[in-house]
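In: Mind looking at a prediction? Sequence and model below.
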Amino acid sequence: MARNEKELDGVTLLGNQNTQYNYDYTPDVLETFENKHPENEYIVTLDCPEFTSLCPKTGQPDFGHIIIRYIPRTRMVESKSLKLYLFSFRNHGDFHEDCVNIIMKDLVRLMDPKYLEVQGLFNPRGGISIIPFANYGDGEHQDMVKQRMLAVFNQK
């Protein structure tokens, strides 16, 4: 069954031909839509292989790959708004770890998911890759928070 206009309330960026690209951190661009299957626990994976931000000290660009996974409750993030949100980090000066935590907190605040994780796979600078991971779970998903943290910690 297709979505009706009421279910698409608040989705203003998708299909908009006059998209504005913000070059500075802009969480206000994020939009949500209704989860039509809140009775199901399922995972949504969003993959952004072309994330960029700036080093807060040198101003040099950092390039990375952001992977977001979440179990929705009643609201879901609209993908074009997420693309514009992630693009808004282009001139944002923060460390990789900060970017990943900011993204996680903004999405938790936006959607109130049951579970959400954000991982950044950043390209090497000075011969070192940085791979931050942050996750959140509601009261019923605290075991998952711990299990995923351990799984990531034990990766080779």
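Out: Right, received. Where do you want to start?

In: From now on I want contacts and neighbour counts done on CA atoms only, so please keep to that.
Out: Fine.

In: neighbours of residue 114, just the number please.
Out: Residues contacting residue 114 under the criterion other C-alpha atoms under 10 Å number 19.

In: Correct me if wrong, but residue 45 is in a helix.
Out: No. Assessed with DSSP: H, G, I helix; E, B strand; the rest coil, residue 45 is strand; it does not lie in a helix.

In: who's in contact with it?
Out: By C-alpha atoms under 8 Å, 6 or more residues apart in numbering, the residues touching residue 45 are 67, 68, 69, 70.

In: Out of those residues, which sit inside strands?
Out: Taking DSSP state E, the ones among these that sit in strands are 67, 68, 69, 70.

In: Output those in JSON lines; the columns should cover neighbour count and distance to residue 56.
Out: Conversion of those to JSON lines gives the following (neighbours: other C-alpha atoms under 10 Å; distance: C-alpha to C-alpha, whole Å):
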{"residue": "67", "neighbour count": "17", "distance to residue 56": "22"}
{"residue": "68", "neighbour count": "21", "distance to residue 56": "23"}
{"residue": "69", "neighbour count": "16", "distance to residue 56": "27"}
{"residue": "70", "neighbour count": "24", "distance to residue 56": "29"}
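
In: can I get those residues in JSON lines with pLDDT?
Out: Listed next are the ones in strands among the contacts of residue 45 as JSON lines, based on pLDDT from 0 to 100:
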{"residue": "67", "pLDDT": "98"}
{"residue": "68", "pLDDT": "98"}
{"residue": "69", "pLDDT": "98"}
{"residue": "70", "pLDDT": "98"}
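
In: Among those residues, which pair sits farthest apart?
Out: The largest separation in the ones in strands among the contacts of residue 45, counting by C-alpha to C-alpha, is between 67 and 70 at 10.2 Å.

In: picking that back up, now the contacts of residue 45 in TSV, with distance to residue 91?
Out: Formatted as TSV, the contacts of residue 45 follow (distance: C-alpha to C-alpha, whole Å):
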residue	distance to residue 91
67	20
68	21
69	25
70	26
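
In: Go through those and name the one nearest residue 104.
Out: For the contacts of residue 45, the nearest to residue 104 is residue 68 (8.4 Å; C-alpha to C-alpha).

In: And the contacts of the lengthiest helix in the chain?
Out: Taking DSSP state H as the criterion, the chain has its longest helix at helix 96-111. With contacts defined as C-alpha under 8 Å, 6+ apart, helix 96-111 is touched by 27, 30-32, 72-77, 116-120, 122, 130-136.
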